[in-house]
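Trainee: predicted model follows, preceded by the sequence.
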Amino acid sequence: MQRIGVFICWCGSNIAATVDVERVAEIMKSEPGVVYSANYQYMCSENGQQLIKQAIKEHNLTGIVVGACSPRMHEATFRKAAEAAGLNPYMVEIANIREHCSWIHKDMEEATEKAVVLVRTAIAKVKLNAPLTAGESPVVKRALVIGGGIAGIQAALDIADAGFEVDIVEKNATIGGRMAQLDKTFPTLDCSACILTPKMVDCAQHEKIDILSYSEIEDVKGFVGNFSVTIRKKARYVDETKCTGCKICMEKCPSKKGLNTFNMGLNTRPAIHIPFAQAIPNVAVIDPEQCIKLKTGKCGICQKFCGVGAIDYEQKDTFIERQYGAIVVATGFKPISLESFNEYGYDDNKDVITSLELERLMNAAGPTNGVLLRPSDGEHPKVITFIQCVGSRDTSGCGKPYCSKVCCMYTAKHAMLIREKYPDTEVHVFYIDVRTPGKNYDEFFRRAVEQYGVDYIKGMVGKVYNENGKLMVQGSNLIDNEQVTIESDLVVLAAAIEPEPSVRKIATLLTASIDTNNFLTESHAKLRPVESPTAGVYLAGMCQGPKDIPETVSQASACAAKVIGLLVKDKLKTNPCVATPDEMMCNGCSQCANVCAYGAITYIDKEFRLGGGKTEVRRVASVNPAVCQGCGACTVTCPSGAMDLKGFSSKQIMSEVEAICKK
Amino acid sequence: MQEVTTEKKEFVPNIVAFCCNWCSYAGADLAGSSRLSYPANVKIIRVPCSCRVNPSFILKAYQQGADGVILCGCHPGDCHYVTGNYYARRRMSLLFSFLNYMGIEKERTRVEWVSAAEGQRFSAVMNDFVKTVTALGENRKLTDLRVKEGE
Amino acid sequence: MTKEEYVETINRISGTDVRKCMKCGKCSGRCPAFKDMDIKPHQFVSLLVKGDVDALLESKAIWHCLSCMACVERCPRGVAPAAVVEAVRDTVVRMQGNNGVKAEDIPPVVDELIPQQLLVSAYRKYNK
């Protein structure tokens, strides 16, 4: 039998002016189960708390109800007081007789009557409360960063600078990501490599950072504070510890016709190669599809020339299993495939290129050494037409419904750089809207128009066709209500961006939710923008939504702050108000796991005694209390009523309903 | 233990409001701290999320003599638990057709989204709901006669 | 019919949601009959959004549209400008008391080389 104590607060005159607190306390004395009832001017004060503590001890109270302000205000205070007196803090219930009663009602009789009902309701609930203990789970003081682009690099550096071990897992042979491919960066036009490569070097030299390049995530187990991750280190056929990056192998390799993916396929590279000059790690990798030795068994030239004996044709994929406390996902993006947009003639004309290809064509380390030459004949293009929103803001099903966000700015950048470097070039830009919010962004775009004389045409291109070696760009000029055809030498498409496709597999492994466009979902768009709903998983960069470099770096640093906040803790206190299944009722139907936004529910095979020495193995739900956030979605979904929520159990809520409805 | 007795006067409905802890309960708190009144016959039950509300809680309320039930959650897209209020919305639309089938006027049950900043809205919603239910009169359809002792 | 009823009718016949248009002009950028049209494909959509029925019903462009559907094919928002043109054309034909068009009724403004769009659209419609 419960022994309940009731404490009614006056809150000075805040409650006492409209609620007859003494009468309420008096009435509660005769409530079944209540053994003590008192009222006091300020329950939350030191004296008030003392009163509660004393009553708990003197009257052996098993549960208390405090009729006071909102639980959002002082629930924690009263729970602490109860705990200090030896009562489980979850045996405390608050009846909100201030915000929900005295402050909104004027009539004393009416307010007192309501206060009585509210306190009774709380009594009805507390009678069914069970002592709960917050669980603890240990924290592994190591972070994993998936993706070695600018987002991953920034997050890793920030976490490592705080003194925690970080592993960067990068699926390519080098870190650097998309930013390494860029030429200049808006709005300041500093060279991308000049600002990125020092950070790459910092990563490589940081004693707390371990770069696992040419590696992929294979499996993830565990939960916040305690992830166990299997990483596949792909065979690169070169011993990373021996290779010095001398590039003699690249020179000698006879198979030189592989498409240079780093240069967007605009030139070729040998089968054994280092992706680019500043690659980190500066170690060669062999493309097994292209290597003559690996395909036919004959060749082995690179091995012969390698001075340090780093080449190993027998190398196999290896698997590493490591423990992490937190995971940052920074998998980045890629431009969409343009196969559904044949009106722009991308597949049929070499001189119709994407903006990322143009970045390489303008880059000093690119296939043309930074001289803008068109791919078809190596001539200087005299008329260049840019087309924006290629596949962005497209709800027809061919493209992406969202705005890719960066294209307006990089198109203005390209237009400006071309006009700067080659003033005799005519530059046209077809746009639907120019969107340049951001510090110094619109000024940047206007500079392209006003200072560099770039011709912006409001309208969209309907088709691009080749006529006598000239690219005819036919589109509308909506301002003049005209259809225009521009004879161009080079056409640049601002292709929409999409999340790197490998993010899907990673999201599945992490049980991190993903939206219809394959962007990872943040926990709260405004208040928790860098956290995944899955505890311990954080999001940085394009994998979460389109964004530019400044935003990506900010988000990565924000992730790092969150990760550091997690890793400094030795133990995580878990919310005890979590879902819990009644295994005798659970039929293992998976409904609860389907609605769980956090992936907190798994299924286990458990042996049950049937009587008569017989046993039966059944599949039942199992909730991980470290992951469950206690929303209760599963409790209502469960068709057999097996799932319940501690602290807000169905019985408790039912009895609250009863107490309110009782006339 | 007869406490405050109300004399037989005009009909005052008994209304149960389920409020999610993160938005609507905080919205109700704001209504309180802004002193925005609504009738005293609205009594709030705090739940972690609108998706915690089992349709059977609402049926229970009607069985126990509630005249109206209102469920308040975060605005769609703002749920603290990401998707909880979507589940609540779907469940409730099913429950509404069921209640309708049982002959409980559909105006007696309502789902409203109230954010933590919408004290004004909370009070307005409650005033409006009480008015609607008062006009409908007493709910007798599901009342369990066994609980009506001494009547 | 009132103006509102015309708008409603044209919207209904077209079966397309003109409010989805984001005014990119790709339809007019692709249109092969652009030069001959007094009202351009994108304007059909924007005039319908505005509810300017008079301009639509008086347009000669409805007889110049080739019903080639390039604008429909290219629209990134899934709006069908050609369907609006066709809806206006149908409305005009019905206003003349017909439920189809006879060869001799085709106005003299039509260039002989241009296919008879009502026939073309009819083929397309009844082919399904």
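Mentor: Perfect, thanks for sending it. Numbering: from 1, shown residues only, chains lettered A, B, ... in the order given.
Trainee: which parts of the longest helix belonging to chain C are buried?
Mentor: Ranked by number of residues, the top helix in chain C under DSSP state H is helix C:81-95. Neighbour counts over helix C:81-95 (16 or more other CB atoms under 10 Å in any protein chain shown) mark C:81-93 as buried. All C-beta spots, glycine's among them, are computed from the backbone N, C-alpha and C.
Trainee: what mean pLDDT does it have?
Mentor: Helix C:81-95 shows a mean pLDDT of 90.
Trainee: contact partners of that helix?
Mentor: Residues from elsewhere that reach helix C:81-95 (CB atoms under 8 Å, 6 or more residues apart in numbering or on different chains): C:6, C:9-16, C:18, C:27, C:41-42, C:44-45, C:48, C:56-57, C:59, C:61-63, C:65, C:67-69, C:71-72, C:75, C:99-101, C:117-118, C:121.
Trainee: then it to PDB, C-alphas only?
Mentor: The C-alpha trace of helix C:81-95 is given here as PDB (Å, rounded to 0.1, in the frame of the first residue of the first chain):
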ATOM      1  CA  PRO C  81       1.500  24.500 -71.300                       C
ATOM      2  CA  ALA C  82       0.300  22.700 -74.400                       C
ATOM      3  CA  ALA C  83      -2.600  21.300 -72.400                       C
ATOM      4  CA  VAL C  84      -3.600  24.900 -71.500                       C
ATOM      5  CA  VAL C  85      -3.400  25.900 -75.200                       C
ATOM      6  CA  GLU C  86      -5.500  22.900 -76.100                       C
ATOM      7  CA  ALA C  87      -8.000  23.700 -73.400                       C
ATOM      8  CA  VAL C  88      -8.400  27.300 -74.600                       C
ATOM      9  CA  ARG C  89      -8.800  26.000 -78.200                       C
ATOM     10  CA  ASP C  90     -11.500  23.500 -77.100                       C
ATOM     11  CA  THR C  91     -13.200  26.300 -75.200                       C
ATOM     12  CA  VAL C  92     -13.100  28.500 -78.300                       C
ATOM     13  CA  VAL C  93     -14.500  25.700 -80.500                       C
ATOM     14  CA  ARG C  94     -17.300  25.100 -78.000                       C
ATOM     15  CA  MET C  95     -18.100  28.800 -77.900                       C
END
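Trainee: can you give me the helices for chain C?
Mentor: Taking DSSP H as the criterion, chain C carries its helices at C:3-14, C:26-30, C:41-50, C:53-58, C:70-74, C:81-95, C:117-126.
Trainee: my bad, should have said the stretch 201-350 of chain A
Mentor: For the stretch 201-350 of chain A, the helices defined by DSSP state H, counting those that start in this stretch cover A:248-252, A:292-296, A:301-305.
Trainee: for these, which one sits closest to chain B?
Mentor: For these, proximity to chain B was assessed by CB to the nearest CB; helix A:292-296 is nearest, at 46.6 Å.
Trainee: now do the closest one: distance to the chain's middle.
Mentor: When C-alpha coordinates are averaged (CA atoms, centre = their mean, to the nearest Å), helix A:292-296 and its chain have centres 41 Å apart.
Trainee: for stretch A:222-240, measure first residue to last.
Mentor: 30 Å (CA to CA, to the nearest Å).
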